[in-house]
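Undergrad: Give me a 3D structure for the following:
(chains A, B and C)
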Amino acid sequence: MSEPSVIEQPKAEIRTSPKKGPRGQVTVFANWCKGCGICVAFCPTGVLALDDDDHPVVVYPEKCTACHWCDTHCPDLAIIVKKIEI
Amino acid sequence: MTVKLMQGNEAVGWGAIAAGCKFYAGYPITPSTEIAEMLSRELPKVGGKFIQMEDEIASLAACIGASVGGLKSLTATSGPGFSLMQEHIGYAAMTEIPVVIVDVQRLGPSTGQPTSASQGDVMQTRWGTHGDHPMIVLCPVSVSQSFDLTVKAFNYSEKYRTPVILLLDEVIGHMREKIELPEFESVEHVERIATDVPPEWYKPYGDSLSDVPPMANFGEGYRYHITGLFHDVLGYPTTRLDEIDPWIQRVHRKIERNLNDITLVEEDLSESDKTVVVTYGASARSALHAVKLARQRRTKVGMVTLLTIWPFAEAEISRVARIAKRIIVPEMNLGQLALEVERVAGRNKVVRVNRANGEMVTPQMILEAIEDR
Amino acid sequence: MPTQFEHTEYMYLRSTKKFPNVWCAGCGIGIVMGALIRAIDRIGLEKDDVALVSGIGCTGRMPVYMDFNTIHTTHGRALAFATGLKIAKPKMKVIAIMGDGDAMAIGGNHFIHAARRNIGIAAIVVNNAIYGMTGGQYSPTTPVGAKATTAPYGNIEPPMPICELAKAAGATYVARSTVYHAVELDRFIEQAIRKNGFSLVEAVSYCPTTYGRMNKLGTTVDMMRLLKEDSISMTAAEKLSPEEREKKIVRGVLHDVEKPEYTQLYEQLIQRVQQAQPANPVKT
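TA: The predicted structure follows:
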């Protein structure tokens, strides 16, 4: 039995900007992730990048628009996006 | 109690209904088709469900699926269809799902002779499916026993969470005899053991004092996993030896420790019988006549009829072998149960009387063997 | 971490099962599993009312991870087991989960008969055009010319059209999507489960480890892109010529009609029989 372990993510910075849209908080579960790279490659705003072990890390949390592409396409359910109320 | 003139196959159908069978899935094949036809007519009357599946493989699969859904299920077939069902017989044994399979034997191998009798599937009922597994196989000798043993088959199946094979042959299946049908309410029903723990605690293959884990039906509040892969107590696939070994031991033990209950034998012998006929199924009818004739001629001979052919009645046959000098085994095959008798009693004691061409072993053939001619 | 575990998918996973799941990195089967859970959650089904019946192969390994009534059966026979279960428990939602080899090769016969009967089972066929579990042999849906371990010179057999076969046999809902289009996929799965009849969703995926590698499709990310490029919506497909359409994976709801469902027809039969003649076997 294994529960997903959580990587501490930097808190999403909410910056006032002309564009007001949904925002999301991304969490990656490292011990469920197999490093397929799909989330990183297809994130439309470039929130994620691969680290040295080919696992995703959240690099630009503020860019997440809660589109949910990553968490609907992760084969391992190793990444989730929670919509943040602004 | 009603007295009726009935065909063996029909008696199997009534036995199923009396035992609480509520699902039949099958494929027509001579000489078993009457069972399907009868149940297609009678099951809806008692709220049961009948379906003719696209082949025998699907038939047994549907029966197992219905059993998981809580319905006592039956399928009936003959040699060629029985060969097709082997994978799912193994699946039911591995997953410990109750189901009853009727094989009305006909002459084989292959398409053989559909309207002729044989007892050629005896070894196949024991070992037809791959891997090591126990099996319960019952074999009636009359129309009345066809009813009774069908009920017993369901009861063993539920009690021990195992597939049970009811082995008829074309003679028993198609003959008509008098039968005293009991009131169905008085027929003994055994239900699968229900679990009494809350769902989070339920282990579908967990330890139990009787070696038979309680079985929850799907859709009734207990969610678990069933697989034909080797599995742990939760039903999840495993490759660990410390989970595989206990399963093997438990599943064989659950049958072996209950041989008293499962091994049905009819004995008609005394301490002084040096010649004993050991038989089953339609051959037992010829043997009965032969023994009667022999005794009329003052020959001392005993008779043992095996109603349970698997597990093999080792204890009973060992006992017979201690008294008897000759054990005669008539069979409508080239010697299948005889192999077991020889194993237990010693080859030099066993006299085989065989016929594998679709005709019955005659009383005359058995009488000649008894009188050592 | 309470907040994470409120996330939908985790509420349906078996907490006693070992994760991460057994599939290779980037395998589309995991994506189908997520889509299935989202669909079931949206419909609002009780877990006790859902049964997952699977066959043998990588796709067949899906049900064990989810907290429903799950049964992993024999190769090709999931629909036969599902038929018996559905007849015994007609109110349950029975979902059959199969791969392309399981459903179209050994299971072909059971597939067409389940569709013919229009029995209320939702069939999900994950089509990765290969036998993945056994190491990459060609399957009935492998494209002509593709390489496989048992087609070292290229496959010469034309692929089986899963959706057309289902429709011709009598299925009342037929849809196809890909694991790239995961959100569309979960919508189709939802419709398939809601359907009262035999419904089929073909989920086109790729096997990065066997098919993808032997046919030099690149990384898992490349294969995802290929699914996007090689597929086309139904409306767009109509504008293509038949030759061009053949090369594309057409996505959409291809068939959606109403027909009487098998278990309901049998219930009606029981009513008719019991009204005509009460069960009194011994006296007849």
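
Undergrad: Report the beta-bridge partners for the spatially closest residue to residue C:40 that is not a sequence neighbour.
TA: Using Cβ to Cβ, 6 or more residues apart in numbering or on different chains and skipping the chain neighbours, the partner closest in space to residue C:40 is residue C:50 (6.2 Å). From N, CA and C alone the C-beta is placed, and that goes for glycine too. Judged by DSSP bridges, the bridge partners of residue C:50 are residue C:93.

Undergrad: Could you check how far the residue of the stretch 51-200 of chain C found nearest chain A is from chain B?
TA: Per Cβ to the nearest Cβ, residue C:182 is where the stretch 51-200 of chain C lies closest to chain A, at 4.5 Å. For residue C:182, the distance to chain B (Cβ to the nearest Cβ, to the nearest Å) stands at 25 Å.

Undergrad: What sits closest to that residue if chain neighbours are left out?
TA: residue A:72 (4.5 Å).

Undergrad: okay, now that neighbour: neighbour count?
TA: Residues lying near residue A:72 (other Cβ atoms under 10 Å in any protein chain shown) number 20.

Undergrad: Now do the same for the helix or strand hosting it: mean pLDDT, whole number.
TA: Assigned by DSSP states H and E, residue A:72 falls within helix A:69-73. Mean pLDDT, helix A:69-73: 95.

Undergrad: just stretch B:243-260 next, same as before
TA: In this model, stretch B:243-260 has a mean pLDDT of 97.

Undergrad: Is that stretch positioned near chain A?
TA: No. On the criterion Cβ under 8 Å from any Cβ of the partner chain, stretch B:243-260 is out of touch with chain A, staying 15.0 Å away.

Undergrad: Name the residues of that stretch that come out as buried.
TA: B:243, B:247, B:250, B:251, B:254, B:255, B:258 (16 or more other Cβ atoms under 10 Å in any protein chain shown).

Undergrad: Next one: the first one from chain A, what distance?
TA: Same thing as residue B:243. Residue B:243 sits 15 Å away from chain A when distances are taken as Cβ to the nearest Cβ.

Undergrad: phi, psi of that residue?
TA: Dihedral pair for residue B:243: phi -110, psi -30, per degrees, to the nearest 10.

Undergrad: contacting residues for the spatially closest residue to it that is not a sequence neighbour?
TA: In this structure, residue B:243 finds its nearest non-sequential neighbour in residue B:232, 4.6 Å apart by Cβ to Cβ, 6+ apart. Contact analysis of residue B:232 by Cβ atoms under 8 Å, 6 or more residues apart in numbering or on different chains lists B:205, B:238, B:240, B:243.

Undergrad: and what of residue A:43?
TA: Residue A:43 sits next to A:69, A:70 when contact means Cβ under 8 Å, 6+ apart.

Undergrad: what about the residue most central in space within chain B, which SS state?
TA: Closest residue to the average C-alpha location of chain B: residue B:137 at 2.6 Å, with Cα atoms, centre = their mean. Of the three states, residue B:137 takes strand under DSSP: H, G, I helix; E, B strand; the rest coil.

Undergrad: List the beta-bridge partners for it.
TA: residue B:165, residue B:310.

Undergrad: Please report how far it lies from residue B:125.
TA: Using Cβ to Cβ, to the nearest Å, residue B:137 is found at 5 Å from residue B:125.

Undergrad: For chain A, which residues are neighbours of chain C?
TA: For chain A, the residues in contact with chain C (Cβ under 8 Å from any Cβ) are A:1-4, A:6, A:27, A:29, A:31-38, A:41-42, A:68, A:71-78, A:80, A:82.

Undergrad: Select only the buried ones of those in PyMOL?
TA: Of these, the buried ones go into a single PyMOL selection, burial set by 16+ other Cβ under 10 Å:
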select buried, chain A and resi 4+27+29+32+33+34+35+36+37+38+41+42+68+71+72+73+74+75+76+77+78+80+82
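
Undergrad: Disregarding residues adjacent in the polypeptide, which is nearest to the closest residue to chain C within chain A?
TA: In chain A, the residue that lies nearest chain C is residue A:75 (2.8 Å; Cβ to the nearest Cβ). Nearest residue to residue A:75 in three dimensions, chain neighbours excluded: residue C:30, at 2.8 Å (Cβ to Cβ, 6+ apart).

Undergrad: and the gap between that neighbour and residue B:181?
TA: Residue C:30 is 57 Å from residue B:181, by Cβ to Cβ.

Undergrad: do residue B:19 as well
TA: In this view, residue B:19 and residue B:181 are 13 Å apart by Cβ to Cβ.

Undergrad: so who does residue C:107 touch?
TA: Neighbour list for residue C:107: C:55, C:75, C:76, C:77, C:78, C:79, C:98 [criterion: Cβ under 8 Å, 6+ apart].
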